[in-house]
Structure formats: structure tokens, C-alpha cells
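[1] coords please:
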Amino acid sequence: MSEKNRDGKRTARERLADEREKQKSRDKRRRALIVGASTVCVLGLAAVIGVVAANAGKDDGSESAGPIVAPSGAQGKDSLAIPVGKESAKSTLTVWEDFRCPACRAFELAYRDTIHELTKAGQLKVEYHLATLIDGNMGGTGSRKAANAAACAQDAGKFPKYHDVLYDNQPPETEDGFADEDKLIDLAGKVEGLDSTLFQECVEGGKHNSWVEKSNAAFRSGGFSGTPTVLLDGKNIYQDRSMTPPKLKKLVEDANG
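    This next block holds a predicted model:
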């Protein structure tokens, strides 16, 4: 083999090794994403909080009128929390989120497996509160329609899986993809047993739109700086830059110990 060919193969191997190392670094950052890392997105929204407050909930309005209908099993004040996990769990994670919010997706992807593990073990109960912050900030109706669809999934007993599907298929923040009800219904096909006539009617009819708006009003009046806001037994862990999935797991396990 000529020296030139050997150099060419060595260079190719080096490029491949470099790419593998870069991919490992990307995977490590994604897996070990700490809460503080996503705060940049939240602070970006907080910087325009005056605009958000002024515009939150301002969409076409024609689809949001109607009685306030809480989804099945909703709990807490004004039935604004969707619970996941056993009632007997000693720790409660309160999550305020917006399905259009990139920081919410980052948090979900980093902490999802840990949260699922702890809820299945009966050690953690999660209370999800849905907001429409991005609708107010960027315009559109995708936050509200996705939240309504998630509430419809709760009616069918499929909220946790549909919740994850929405984040797995989140459109770019500037594209109001979730405003397309057909897309929300298509995504239900990824959850076994969810795509039914009742679910479709719930989504298309905006059954829980007014409930979503009430939840968003509670978010705005709660003094929170942005989404996600994540509280463990009342303490805001999203603002803790040292928080990681293993640390969250230990905190919950210690509380149950």
C-alpha cells in the first residue's frame, strides 16, 4: 500500500473518530441536561414578559367560548391539575408547561425517564398544569389546541403517553404546527387506543378550551417567570443549576426512605 493511501485511510479514520467523539459529547449533553441549561429559553421569554402578559390568550377567541369543562380526574384548586402517579406518593412534582415551549421539551427529554421510573415505583406524583405562554408571545393557537388535545387524552386515560408524543413531535417554536387539529389527531395514532371518535370530537370541538384558558390565567397570576416551572414539594427545582435527573431521583428516594 502506498504512503498516500495509508495517509488517506488514516485521515478518514481520524475524521470518523472525531465525529464519534462529537456525537458522544452531543449525546452526553442531551442525557445529562441540567435544569439550569434550559433556563436560557425561559429567561428569553421572561425578557418579554410585558408583551406576554399583554398578549397571553389573545387568539381568534371564537373557539374558546363555552363552559369550563375539566378533564376526567383533574385535581387541585379549580381542578386545574392533571395527576400522574399514585396518590400515596410522598413527593409531588408540580409542572407548569406549554407544549409549544422548546425549554419544556428540553426538560421533558432530559427528565422523562427518571420521572416515569419514580411514578411507576409509587414514589412520585406529578401534577401537570397547562399554559399557553407561546401563543401569547409568538401568536397563534397551537399551545391552546395542544393543551385541549392533551386534556382530551386525559379523558381517555391516555394523557401520559400522548403528553410524551406531543413533545417528541413538537414543531419549531415559530411554526404554529399544533394549531392544525388534524396533526393533533394524527399524533393520537401513536398512542394505542386513543384515536377514537370521542377523542376526535373532543379535539375538533375544543371541549376543554375554556379550562385551558383558566389554567393559563392561573399560571399568569401565579407569579411564575416562564415555562417550564417545576416544583418539587413546593420548591422550585428548575432554578437549581445543580439539578440533574440523578439528583432529582435521590431527592425523591430520600423523601420516601
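[2] find the residue closest to L231 in space, skipping its chain neighbours.
    T94 (4.2 Å; CB to CB, 6 or more residues apart in numbering). Backbone N, C-alpha and C define where each C-beta goes, glycine included.
[3] I figured that neighbour hits L124, correct?
    No: the pair T94 / L124 is not scored as a contact, 11.2 Å apart, by CB atoms under 8 Å.
[4] could I get the full set of strands for the protein?
    For the chain, the strands defined by DSSP state E occupy 82-84, 91-97, 124-130, 229-232, 235-236.
[5] mind checking which of those strands is nearest T197?
    Comparing the strands of the chain against T197 with CB to CB, the closest turns out to be strand 82-84 (22.3 Å).
[6] check which residues of that closest one are buried.
    82-84 (16 or more other CB atoms under 10 Å).
[7] now swap in stretch 114-126 and tell me
    114-116, 118-119, 123-126.
[8] again with stretch 209-221
    For stretch 209-221, using 16+ other CB under 10 Å, the buried residues are 209-220.
[9] which one of these is nearest to T141?
    N209 (9.3 Å).
[10] my guess is the closest one meets P71, correct?
    No: applying CB under 8 Å, one finds N209 not in contact with P71, separated by 11.8 Å.
[11] tally of neighbours for the nearest residue to G177 once chain neighbours are set aside?
    Leaving aside its sequence neighbours, G177 sits nearest to P171 (CB to CB, 6+ apart; 2.9 Å). The number of residues packed near P171 is 16, by other CB atoms under 10 Å.
[12] P246 versus P171, what's the distance?
    31 Å (CB to CB, to the nearest Å).
[13] again, but for T132
    T132 is 32 Å from P246, by CB to CB.
[14] and for F224?
    26 Å.
[15] who's more crowded, these two?
    Comparing F224 with P246 by other CB under 10 Å, the one with more neighbours is F224, at 21 against 10.
[16] my guess is the more buried one contacts W96. True?
    Yes: assessed by CB under 8 Å, F224 is found in contact with W96 at 6.0 Å.
[17] please, where are all the helices along the protein?
    Under the criterion DSSP state H, the chain contains helices at 3-31, 35-46, 49-55, 102-120, 133-138, 142-155, 159-168, 181-188, 197-204, 209-221, 245-255.
[18] which of those has the lowest mean pLDDT?
    For the helices of the chain, mean pLDDT drops lowest on helix 49-55, to a mean of 35.
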